[in-house]
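Novice: Quick one, fold the following:
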Amino acid sequence: MNKRLLLILILALWAPLAAMATHLRAGEITATRISSSQLTYKITLTTYTDQINGKAANDGQDNVTFNFGFSTTKPEIYKVSRKKKFLINPATMCNVYDTTITFPAPGLYTISCGIVNRNERTINLPQPSENISFFVQTSININPSFGLNSTPVLLNIPIDSASLGSKFIHNPGAFDIDGDSLSYRLTTPKRDKGTDTGIGEFIAGYLDPSTVGPSPVLNELENGPATFRIDPRTGDLIWDAPREIGQYNVAFIIEEWRKAPSGNYLKIGEIVRDMQIIVVESSNKRPLLEVPEKICVEAGKKAEFEVKGKDQDDQVLRLTRSGGGYNLDASGLPFKFVEPEAATFKSTPTNKIVTGTFAWNTNCLHVRDQPYDVLFKVEDSPGRFSTSLVDIKTMKITVL
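Specialist: Prediction:
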């Protein structure tokens, strides 16, 4: 056998193995209570995968393994099939795996999933990043005294772009259908500690994105060091500012709190979201968004206000919104998060300055202890050869 033929055979044998190891970009697990008389939940893993370098791997990922914390001595393992997949953009596929489970008794449960492997060239992870598994988990505290409970749903996609030297802002768009209080904190992405163990471990060698780049690593205004943080109340993930082009993975925790009869807040669950940020070089300048401060409205009255976006580059600007109050899920499909009627937002893309009008005819069914988070985003249009930049702001609306 000549050397050329031998090389072709080796590459042919190696290619499927390489393809099977390079696809996970981002994801999280959510839990929805579907019975008022039994401890029955719908558990959903949503993943976002690399459609360019990992298509073959994802096409073969028809099943994943869920681990349920039923026992302290061994994990309870469930093989869960993929229910649907759809393209977010030409480079990213969204995959949904779900199953229904009835928990044996009240208690604290941790649901986890590990998948081989992450996609390649994630520069703030040890190299090669495609040799690192992907791992996420969610915890729920099932307690009859708490009443019914589901985890928050995350309405914004965890794949985002940033521009070199410009402040980056992302928000997961978390909405809690039960009206519980949410808080946010950063964590380190995890890898699967071992096949079917249900245990994850922090990735050794992970780099905080604000430390990556030529020294000194500075913020957008270049008057201080770069920072990477999450607002504990709004969930705004702020990176000020990226200094090295490339692909990054980060993770954060969304904690769920419920007010007890004593008046104290008790933690009843948490979600880990692992997301990917792609930093590119661009001369485009970031647009800026103006929204009102938080507002209160009496049930039965109309909440209405204007949102404005501005751009220094005289580009076409587009205003968008997200939040459970609109009764739309992460893919833009109708879903009843609030009773009728839902909020509306109207805006037409225009050059340099764009405005939009939020309106919500509230009623008594909208009353709850916690405010509604409403997220607004302004996005510019620099052309096909430059990356669009955004500004995001989250405001709170309380219905009394």
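
Novice: Enumerate every residue touching K167.
Specialist: Contact partners of K167, counting by CB atoms under 8 Å, 6 or more residues apart in numbering, are 219-220, 238-241, 286. All C-beta spots, glycine's among them, are computed from the backbone N, C-alpha and C.

Novice: Looking at those residues, which is nearest V116?
Specialist: Distance to V116 across these (CB to CB) is lowest for W239, with 28.3 Å.

Novice: Spatially, what comes nearest to that closest one if we skip its sequence neighbours?
Specialist: Nearest non-adjacent residue to W239, counting by CB to CB, 6 or more residues apart in numbering: F168, 4.2 Å away.

Novice: With F103 instead?
Specialist: Using CB to CB, 6+ apart and skipping residues adjacent in sequence, the residue nearest F103 is L39, 4.2 Å away.

Novice: Could you do V399 as well?
Specialist: Nearest residue to V399 in three dimensions, chain neighbours excluded: H366, at 4.3 Å (CB to CB, 6+ apart).

Novice: confidence score at the one you found?
Specialist: Listed pLDDT for H366 reads 93.

Novice: residues touching it, list them.
Specialist: 299, 338-339, 372, 399.

Novice: And I169, by the same measure?
Specialist: By CB under 8 Å, 6+ apart, the neighbours of I169 are 236-239, 390-392.

Novice: mind putting these in a markdown table, pLDDT and distance to P209 included?
Specialist: Listed next are the contacts of I169 as a markdown table, based on pLDDT from 0 to 100; distance: CB to CB, whole Å:
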| residue | pLDDT | distance to P209 |
| --- | --- | --- |
| D236 | 95 | 15 |
| L237 | 97 | 10 |
| I238 | 97 | 11 |
| W239 | 98 | 6 |
| V390 | 86 | 17 |
| D391 | 89 | 19 |
| I392 | 89 | 17 |
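
Novice: I'd like the next helix or strand past the helix or strand T32 falls within.
Specialist: In this assignment (DSSP states H and E), T32 forms part of strand 24-33. Taking DSSP H and E as the definition, the helix or strand that follows strand 24-33 towards the C-terminus is strand 40-50.

Novice: helices and strands around that next one, which ones?
Specialist: Where contact means 3 or more CB pairs under 8 Å, 6 or more residues apart in numbering; DSSP states H and E, strand 40-50 is packed against strand 24-33, helix 55-59, strand 63-68, strand 76-89, strand 92-102, strand 107-115, strand 134-142.

Novice: elements contacting the longest strand anywhere in the chain?
Specialist: Ranked by residue count under DSSP state E, the longest strand found in the chain is strand 265-280. When contacts are defined as 3+ CB pairs under 8 Å, 6+ apart, strand 265-280 packs onto strand 24-33, strand 134-142, strand 159-163, strand 168-170, strand 246-259.

Novice: What is the neighbour count of the residue lying closest to E120 once chain neighbours are set aside?
Specialist: Nearest non-adjacent residue to E120, counting by CB to CB, 6+ apart: E130, 4.1 Å away. E130 has 23 neighbouring residues, counting by other CB atoms under 10 Å.

Novice: Check which residues of stretch 316-325 are buried.
Specialist: 317-319, 321-325 (16 or more other CB atoms under 10 Å).

Novice: so where is the stretch 301-400 of the chain shaky, pLDDT-wise?
Specialist: 384-385 (pLDDT under 70).

Novice: ok, the closest residue to A343 other than its chain neighbours - contacts?
Specialist: Spatial nearest neighbour of A343, excluding adjacent residues (CB to CB, 6+ apart): W360 at 3.8 Å. For W360, the contacting residues are 297, 302-304, 325, 341-344, 397, by CB under 8 Å, 6+ apart.

Novice: Show me which of these are buried.
Specialist: Taking 16+ other CB under 10 Å as the criterion, what is buried in these is 297, 303, 325, 342-343, 397.

Novice: mind listing which of these are in strands?
Specialist: Those of the buried ones among the contacts of W360 lying in strands (DSSP E): 297, 303, 397.

Novice: Would you mind measuring from the first one to I254?
Specialist: Read that as V297. 26 Å (CB to CB, to the nearest Å).

Novice: what residue lies at the spatial centre of the protein?
Specialist: Nearest residue to the geometric centre of the chain (CA atoms, centre = their mean): P158, 3.9 Å.

Novice: Give me the residue ranges of the stretch 101-250 of the chain where confidence is low.
Specialist: In the stretch 101-250 of the chain, residues with pLDDT under 70: 195-196.

Novice: mind running it again at 80?
Specialist: Across the stretch 101-250 of the chain, the ranges flagged by pLDDT under 80 are 145, 194-197.

Novice: hey, where'd the strands end up in it?
Specialist: Applying DSSP state E, counting those that start in this stretch to the stretch 101-250 of the chain gives strands spanning 107-115, 134-142, 153-154, 159-163, 168-170, 174-175, 181-187, 190-192, 200-202, 227-230, 237-240, 246-259.

Novice: can you list these in TSV and add distance to A91?
Specialist: Converted to TSV, these look like this (distance: least, CB to CB, whole Å):
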stretch	distance to A91
strand 107-115	19
strand 134-142	17
strand 153-154	20
strand 159-163	8
strand 168-170	17
strand 174-175	25
strand 181-187	26
strand 190-192	23
strand 200-202	26
strand 227-230	24
strand 237-240	21
strand 246-259	11
